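S.K.: need coordinates for the below:
(chains A and B)
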Amino acid sequence: MRQLALVLAAATALGAMPAWAQDDTDTANVAVNGNVAPLCILGPPSPATVDLGQMVATSGSRIGRIAPLSNQTVSLPGSFCNFAGSAIDVDVTALVATDSSTLQPGFARAVNYTASVENWAATAASATSAATTDGSDPTETGTGATQPLPKIADLSVTLSGFSVPSDLLLVAGNYQGAVVVTLGPAATGGNE
Amino acid sequence: MMFKATPLFAPLFAVAAAALAATPALAQSTSDTSEFAVIGNVPALCSGGTISGANATFDLGVLVNTSTGLLRPDLSAPSKVITGSFCSARSTINVDADAMAAQTFTATPPAGFSRTVHYVATASGWTVTPASFDTAQAVNSAATQSRDTAFTGDITVALSNFTTAGGNALRLVADPSYLGTVTVTLAAAE
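M.R.: Numbering: from 1, shown residues only, chains lettered A, B, ... in the order given. All right, here's what the predicted structure looks like:
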């Protein structure tokens, strides 16, 4: 209510101005102001879930141990920042078995991997998880180089180097991990 | 009049500036975060491993006391160790055995003789209670044992308690080969 009263007071003052002018012509500048907030938007990940399927060898000398898993790629199309000086931050969480029983000697319940976010700046944002055999401490973080210009691009996240701590046998079950990509001001490592 | 109006503008700008400063907090965050899941699975899997040593045969040698023709009471054979076995989930171990039987003399033996030797086979190391199978028994409830966790380790298979089918007073018929089999099975339990 107080603000409204102030605005009305100002309008009254402006309205009174022409009465003070002496010339035939008068010029007044009216400023038009706007602003654009600094903004970064990531495209929806495609695919939304990376399913590695069955991860161990089921025959041969490596039976029960991790099989060679091919690299996986997730696209974040049309990602952009509308300001200079942005960077990507990536959090990688190892795949860990949902099974929570006491881990037995000779077994692991974690699969580590590297996630690398490319096509933003000179160097990719990359991190490699380093979970222990029982799946503790599963998350690692990495930050890429600073992008000096506003940019729009299709980001590409590559998952590679799937491995098991000490190459032990893997406990049966469903495994879940995650990758979190953050795009934001470089000064804060991609996080606002 | 104008001099009085001027002080009014100052608070007006102050209000506007305060409004602008507050705007970023209301608008969308400068950074954006996207998360996607990475999933996979490992099937329940068991592998039998390999039997240590040169061969997988329990060689008991001569079964009888050559003075009496009766089964030797001191029959024994070194245990066999199965290495490299594992199950990636809960599992059961089962031991099954067939009595040793004369391979050439396959007819019904005459009175006072037997062509079959019973024994107990045990598989230990996998479960708290070893799985055991007595070929002389019709029912072997201890033949299957289970454990609740994944496991990898050695399994020791041993034979004991040799007895003559029909009673130890019977004599064994001569035969170049008495043969039985022991089968150890690991199975993942869902």
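S.K.: what are the ranges of the strands in chain A?
M.R.: For chain A, the strands defined by DSSP state E occupy A:40-41, A:49-54, A:72-81, A:86-97, A:107-108, A:110-118, A:125-128, A:139-143, A:151-163, A:169-170, A:173-185.
S.K.: what average pLDDT does the first one get?
M.R.: If I follow you right, that is strand A:40-41. Strand A:40-41 shows a mean pLDDT of 94.
S.K.: which residues are contacting it?
M.R.: A:78-82, A:86, A:183-184, B:30-32 (C-beta atoms under 8 Å, 6 or more residues apart in numbering or on different chains). C-beta: built from backbone N, CA, C; applies to glycine.
S.K.: can you do 10 Å?
M.R.: Outside strand A:40-41, the residues that touch it by C-beta atoms under 10 Å, 6 or more residues apart in numbering or on different chains are A:76, A:78-83, A:86-88, A:150-152, A:182-185, A:190, A:192, B:28-34.
S.K.: neighbours around residue A:81, how many?
M.R.: When neighbours are counted by other C-beta atoms under 10 Å in any protein chain shown, residue A:81 registers 28.
S.K.: for residue A:184, what are its contacts?
M.R.: When contacts are counted by C-beta under 10 Å, 6+ apart, residue A:184 touches A:38-40, A:42, A:81, A:83, A:86-89, A:190-192, B:29-33.
S.K.: out of those residues, which are buried?
M.R.: Taking 16 or more other C-beta atoms under 10 Å in any protein chain shown as the criterion, what is buried in the contacts of residue A:184 is A:38-40, A:42, A:81, A:83, A:86-89, A:190-191, B:30-33.
S.K.: nearest to residue A:141 among these?
M.R.: Of all the buried ones among the contacts of residue A:184, residue A:89 has the smallest distance to residue A:141: 6.6 Å, by C-beta to C-beta.
S.K.: for chain B, see how far away that closest one is.
M.R.: Noted for residue A:89: a distance of 8 Å to chain B, by C-beta to the nearest C-beta, to the nearest Å.
S.K.: is that residue in contact with residue B:34, as I believe?
M.R.: No: in this structure, residue A:89 is not within contact of residue B:34 by C-beta atoms under 10 Å, at 11.3 Å.
S.K.: now for the two: what residues contact both?
M.R.: A:180-183.
S.K.: of those, closest to residue A:118?
M.R.: residue A:181 (11.2 Å).
S.K.: so who does the nearest residue to that closest one once chain neighbours are set aside touch?
M.R.: Distances taken as C-beta to C-beta, 6 or more residues apart in numbering or on different chains put residue B:34 closest to residue A:181, at 5.0 Å, once the chain neighbours are dropped. Listed by C-beta under 10 Å, 6+ apart, the contact set of residue B:34 reads A:41-45, A:48, A:74, A:76, A:79, A:155, A:157, A:179-183.
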